[in-house]
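Participant: heads up, no residue letters with this:
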Ligand SMILES: [Zn+2]
């Protein structure tokens, strides 16, 4: 864990990724903190009196966390919640998207390794979903940008085998091939228009996402397939 953080009081902004309730009302929170990265934080007895920390201990709650760093671990003193994305809880599809990103962050982030850019991406992607952009399309955008930050994103504009600019393309496990190269490798077809849609969703400015990809109104299965393919690229880490 974060042995670089000196003992004493720590105040840092971040988000709750996970909440584990132990026996006797003890709660452990897995927080993603600015400048610190993911860390486990203990809140002894917090499960008995929910009022003490309010909604600040639920996953997807963003705020300023006041912590005490002991010799071995962090303890939660208080939370000032800034955004809990509570409004999303009435929309299963929106909530499902955010919880899925949360799950992937828990799975892939390295404890104690700061990742502020990715945390910001998580926050702003959640804001897009909250404000009416299509959850599945935003998920595609989130995964693309994440893979890009980690240098794992496959090209959407050039053939992975010959490097030629792509029009119509073919998906395989490593990325996109031109139809010519795909004659050997096979895969599933991605028409030029669809490919451009994927590029646009990943790269258009933040302010344009809601207008271009409103919810509802997008082909859920198309975006879901794209997301599934992107998630497989995290497998290359192992
Ligand atoms: Zn090619």
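Facilitator: Sure, I can see it. What you are looking at is a predicted structure, and each value in this text was computed from that prediction instead of being measured.

Participant: break this protein down into its domains, please.
Facilitator: Under the assignment automatic domain parsing, the domains of the chain span 2-83, 132-237.

Participant: ok, which of those domains comes nearest the ion?
Facilitator: Distances from the ion to each of these were compared using Cβ to the ion; the shortest belongs to domain 132-237, at 3.1 Å. In short, each C-beta sits where N, CA and C put it, glycine included.

Participant: now the weakest link among the domains of the chain, please, by mean pLDDT.
Facilitator: Note on the domains of the chain: lowest mean pLDDT is at domain 2-83, with a mean of 89.

Participant: next, the buried residues of the strand ranked longest in the chain.
Facilitator: As far as residue count goes, and with DSSP state E defining each element, the longest strand of the chain is strand 8-21. When neighbours are counted by 16 or more other Cβ atoms under 10 Å, the buried residues of strand 8-21 are found to be 10, 12-19.

Participant: mind listing the strands that strand pairs with, and their directions?
Facilitator: Sheet pairing of strand 8-21 (DSSP bridges) gives strand 27-33 (antiparallel), strand 62-69 (antiparallel).

Participant: can you put those in a markdown table and add mean neighbour count and distance to residue 230?
Facilitator: Below are those laid out as a markdown table (neighbours: other Cβ atoms under 10 Å; distance: least, Cβ to Cβ, whole Å):
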| stretch | mean neighbour count | distance to residue 230 |
| --- | --- | --- |
| strand 27-33 | 22 | 20 |
| strand 62-69 | 20 | 24 |
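
Participant: kindly reformat those as TSV containing distance to the ion.
Facilitator: As requested, these are arranged in TSV below (distance: least, Cβ to the ion, whole Å):
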stretch	distance to the ion
strand 27-33	39
strand 62-69	43
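
Participant: could you dump those to TSV with distance to residue 114?
Facilitator: Shown next, in TSV, are the strands paired with strand 8-21 (distance: least, Cβ to Cβ, whole Å):
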stretch	distance to residue 114
strand 27-33	8
strand 62-69	15
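
Participant: just the buried residues of strand 8-21 that are near the ion?
Facilitator: On the criterion Cβ under 5 Å from the ion, none of the entries of those sits beside the ion.

Participant: that older thread, so what touches the longest strand of the chain?
Facilitator: Residues external to strand 8-21 that are found in contact with it (Cβ atoms under 8 Å, 6 or more residues apart in numbering): 27-36, 38, 47, 56-69, 74, 77, 82, 102, 105-106, 119, 122-123.

Participant: just checking the distance from it to the centre of its chain.
Facilitator: Using Cα atoms, centre = their mean, to the nearest Å, we find the averaged C-alpha position of strand 8-21 to lie 17 Å away from the chain's own average C-alpha position.

Participant: can you check stretch 99-109 too?
Facilitator: Mean C-alpha position of stretch 99-109 versus that of the full chain (Cα atoms, centre = their mean) differs by 6 Å.

Participant: quick one: the helices in this structure?
Facilitator: Secondary structure of the chain by DSSP state H: the helices cover 92-108, 116-130, 135-149, 179-185, 192-203, 206-212, 220-233.

Participant: deepest of those, which one?
Facilitator: Among the helices of the chain, helix 135-149 has the highest mean neighbour count (mean count of other Cβ atoms under 10 Å), at a mean of 23.

Participant: run through the residues of this protein sitting next to the ion.
Facilitator: Residues of the chain lying close to the ion by Cβ under 5 Å from the ion are 159, 161-162, 178, 181.
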